[in-house]
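Colleague: predicted model follows, preceded by the sequence.
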Amino acid sequence: MLKKIQNFILHPAYHDSRNPDYKKANILALGLLISFLGDSIYAIYFFLNNSNYQKNLTLIFGLSYLITTFFLLKYTQKLKSTFVFLANCVILSVVWGVFITGGIYSTNLIWFLVLSINIYIYMDRRIGIIYSIFCFFIYILFFVLSYNPYYDSYFKEFIKNPNPVENFFNIGFASLFSYVIIYAFVKYLDELNLKIKQVNEEKLQELNAKILEKTEQISKLRTNLARDFHDEMGNKLAGINVLSEMLVQKIGNHSDTDVINALTTIQLRSKELFMGTKDFIWSVDFKSDYLGSLFQYVKEFGEDFFSKLNISFYSSLTTEDFSNLRLEISVGRQVVAIFKEAMTNIAKHSEATEVTFQLEVINDKLQLHLIDNGKGFDIKKVSQNGLINMQTRAFEMRSSLLIESEISKGTKITLSVPLYFD
């Protein structure tokens with residue numbers, strides 16, 4: 001019912017919730033309805049019980065500007081101008097009402113505070129400050145007038161015969177009006193904050209969608225780069241390796257040792273370069289960021305590497321679902337480099353017969369273990385160059401590397417790497 005009455009006194013433009021002044025117009029309409037109802041009861045009481053024509057004229061003036069404001073709200077879309085008109089009329093009415101009901105002693109002074117609050121709400125801070133200063137100036141004026149014997153006597157005549165009903169109307173209605181307006185505006189702010197939150201969530205979803213789209217584009221680009229690089233550089237290096245090997249076999253004893261050594265060196269260097277390029281190509285592909293691809297790559301390298309050395313190689317994956325677990329870009333390549341160096345050290349120094357590679361996820365971190373049953377070593381007594389190189393790689397990818405070894409009990413290397421979740 002209240003909503004229908006509000007819509008009746010509002011311009012049709014303010015019926016649309018998308019209108020930026022929708023809430024303010026509806027709150028103003030609610031305030032006007034309360035004011036008109038209160039002033040009407042107020043006027044009826046004083047017309048019947050008060051012969052003070054000044055008071056009655058003030059009430060008639062108040063009802064008149066309220067009705068005029070109703071018409072402005074109904075037939076115009078100038079909310080700010082409407083409220084300026086209302087505020088000016090209220091100030092004139094309140095100043096006159098204070099003057100004829102006791103000046104500095106009048107309970108009507110409370111309406112200056114109510115007016116200032118509403119101007120702050122409906123207008124802006126600058127205009128609110130101007131009106132507040134004006135209201136304070138009027139209060140000071142009445143205070144100064146109270147020192148004039150004539151006006152002081154005039155004001156005190158009113159408080160000698162106080163009207164408790166008028167005081168009740170002034171304080172009670174002003175309090176009720178302020179409460180309703182502030183409550184309505186706070187509710188409006190809550191709804192506005194909710195709308196802002198919804199808009200932010202929509203923008204965040206849109207941003208996430210764009211990030212996902214860009215990520216997919218980058219992933220596709222990395223895959224294409226890996227394929228193209230493999231086709232161009234990888235195949236050519238493999239070709240050089242094969243050709244140099246064929247030349248070594250064909251020349252055999254028909255050439256001098258220097259030529260054979262040179263060709264053998266070319267063969268070894270091209271093979272090393274090919275293996276290094278293979279790691280690079282694998283790391284460029286976005287699939288290298290995921291645990292499954294990393295585990296498979298290190299496992300295949302270990303199986304191939306140790307099979308030529310008659311060392312048994314075992315691998316285990318204790319994480320059941322790792323489809324959404326991934327590493328930061330380029331970390332996979334560093335992990336592979338660390339474990340390749342560790343496997344090379346095992347082959348050179350450990351005299352191990354078994355090597356185990358393990359992968360597990362603990363507390364959102366990837367744990368990779370390389371364990372051998374070799375002769376072990378005293379970490380303090382061995383050359384630190386290789387270990388420092390591995391530690392440096394781990395530090396660069398914000399990871400930790402732990403090396404544990406005992407004489408005759410083998411060695412265990414543990415790399416702990418932060419994980420990301422899709």
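Modeller: Perfect, I can see it now.
Colleague: please make it C-alpha for all contacts and neighbour counts, starting now.
Modeller: Fine.
Colleague: quickly list the domain ranges of the chain.
Modeller: Using automatic domain parsing, the domain ranges for the chain come out as 2-207, 288-422.
Colleague: what sits against Phe112?
Modeller: Phe112 is in contact with Ile91, Val94, Cys135, counting by C-alpha atoms under 8 Å, 6 or more residues apart in numbering.
Colleague: same thing but 10 Å
Modeller: When contacts are counted by C-alpha atoms under 10 Å, 6 or more residues apart in numbering, Phe112 touches Val90, Ile91, Val94, Val95, Val98, Tyr131, Ser132, Phe134, Cys135, Phe136, Ile138, Tyr139.
Colleague: same check, this time on Val144
Modeller: Residues near Val144 by C-alpha under 10 Å, 6+ apart: Ile104, Ile138, Tyr151, Asp152.
Colleague: nearest to Ala342 among these?
Modeller: Nearest to Ala342 out of the contacts of Val144 is Ile138 (C-alpha to C-alpha; 87.8 Å).
Colleague: Val94 versus that closest one, what's the distance?
Modeller: When distance is defined by C-alpha to C-alpha, to the nearest Å, Ile138 is 10 Å away from Val94.
Colleague: same question for Phe112.
Modeller: Phe112 is 7 Å from Val94, by C-alpha to C-alpha.
Colleague: mutual contacts of these two, please.
Modeller: Shared contacts of Phe112 and Val94 (C-alpha under 10 Å, 6+ apart): Cys135.
Colleague: on that earlier part again, now, which of the contacts of Val144 sits nearest Asp289?
Modeller: For the contacts of Val144, the nearest to Asp289 is Ile138 (73.8 Å; C-alpha to C-alpha).
Colleague: who wins for most neighbours among the contacts of Phe112?
Modeller: With neighbours taken as other C-alpha atoms under 10 Å, the top of the contacts of Phe112 is Val98, carrying 24 neighbours.
Colleague: where does pLDDT dip in the stretch 1-150 of the chain?
Modeller: Filtered on pLDDT under 70, the stretch 1-150 of the chain yields the residue ranges 1-3, 50-53, 122-124.
Colleague: if we use 90, what do you get?
Modeller: Scanning the stretch 1-150 of the chain for pLDDT under 90 picks out 1-139, 141-143, 145-150.
Colleague: ranges for the helices of it?
Modeller: Residue ranges of the helices in the stretch 1-150 of the chain, as given by DSSP state H, counting those that start in this stretch, are 2-9, 22-49, 53-75, 79-100, 110-122, 125-145, 149-160.
Colleague: now distance to Ala342 too, for the ones you listed, in TSV please.
Modeller: Formatted as TSV, the helices of the stretch 1-150 of the chain follow (distance: least, C-alpha to C-alpha, whole Å):
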stretch	distance to Ala342
helix 2-9	77
helix 22-49	70
helix 53-75	82
helix 79-100	77
helix 110-122	71
helix 125-145	70
helix 149-160	99
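Colleague: to Tyr290, which of those lies closest?
Modeller: Tyr290 lies closest to helix 22-49 among the helices of the stretch 1-150 of the chain, at 51.6 Å (C-alpha to C-alpha).
Colleague: who are the contact partners of Val298?
Modeller: Contacts of Val298 (C-alpha under 10 Å, 6+ apart): Asp304, Ser315, Val335, Val336, Ala337, Phe339, Lys340, Phe357.
Colleague: what about Asn148, neighbour count?
Modeller: Asn148: 11 neighbours (other C-alpha under 10 Å).
Colleague: same question, Pro164
Modeller: Quick note: Pro164 (other C-alpha under 10 Å) scores 9 neighbours.
Colleague: distance check, the residue nearest to Asn56 when sequence neighbours are not counted against Lys23.
Modeller: Counting by C-alpha to C-alpha, 6 or more residues apart in numbering, Phe47 is the residue found nearest to Asn56 once chain neighbours are left out, at 6.6 Å. Going from Phe47 to Lys23 by C-alpha to C-alpha gives 36 Å.
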